[in-house]
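Trainee: Below are the sequence and a predicted model; questions follow.
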Amino acid sequence: MMHIKDIQKLLPHRYPFLMVDRVIEIDLGKRIVGIKNLSINEEFFQGHFPGNPIMPGVLIVEALAQVAAILALKSGAPEGQPIYFMSIEKAKFRRPVVPGDQLRLEVSILQSRGNVWKFSGNAVVKDKVVAQAEFTAMVTDREI
């Protein structure tokens, strides 16, 4: 289990762009489960959409990616080096995510070779998959 202070030690993201509140499961080198609690106070709800707030799908994928970065860093990727998206594949958005939802972020490592990691992720609300994607990231010690 990891709480927000532990997460902030690993990830460079901060409010309003930190999309994970805690990690509830981690199996190093294999999988991780993170949680994001969504309140009406999230900045993106103010404009997406007024009167009908819905979490943007791209931010759900970002939340999955942040949890994946935690898994990679805890599983041997060098800490302190940036992790960059290389690709997003098979992204599907199945249900809207709204204020009051608790987003369960389930990510598994599909492959890791050198500094390149491939992941599969599901975002779940109330036991229903709301979004899913496969994505590839690279850990590098240089600016891109």
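Mentor: Ah, there it is.
Trainee: If you count contacts, what does the biggest helix by length in the chain end up packed against?
Mentor: In the chain, assigned by DSSP state H, the helix with the most residues is helix 57-74. For helix 57-74, the packing partners by 3 or more CB pairs under 8 Å, 6 or more residues apart in numbering; DSSP states H and E come out as helix 4-10, strand 22-27, strand 31-37, strand 83-93, strand 102-113, strand 116-125, strand 128-139. Bear in mind the C-beta positions are built from the backbone N, C-alpha and C, glycine included.
Trainee: chain center to that helix, what's the gap?
Mentor: On the basis of CA atoms, centre = their mean, to the nearest Å, helix 57-74 sits 2 Å off its chain's mean C-alpha point.
Trainee: what do you get for stretch 53-70?
Mentor: 5 Å.
Trainee: Then stretch 38-53?
Mentor: Per CA atoms, centre = their mean, the centroid offset for stretch 38-53 relative to its chain is 19 Å.
Trainee: And stretch 79-97, by the same measure?
Mentor: On CA atoms, centre = their mean, the centre of stretch 79-97 falls 7 Å from the chain's centre.
Trainee: average model confidence for that stretch?
Mentor: For stretch 79-97, mean pLDDT rounds to 94.
Trainee: Name the residue most distant from the centre of the protein?
Mentor: G51 (26.2 Å; CA atoms, centre = their mean).
Trainee: Columns mean neighbour count and distance to A63 on top of the helices and strands packed on helix 57-74, output as a markdown table?
Mentor: Putting the helices and strands packed on helix 57-74 into a markdown table (neighbours: other CB atoms under 10 Å; distance: least, CB to CB, whole Å) gives the following:
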| stretch | mean neighbour count | distance to A63 |
| --- | --- | --- |
| helix 4-10 | 13 | 12 |
| strand 22-27 | 16 | 12 |
| strand 31-37 | 20 | 5 |
| strand 83-93 | 14 | 13 |
| strand 102-113 | 17 | 5 |
| strand 116-125 | 21 | 7 |
| strand 128-139 | 19 | 9 |
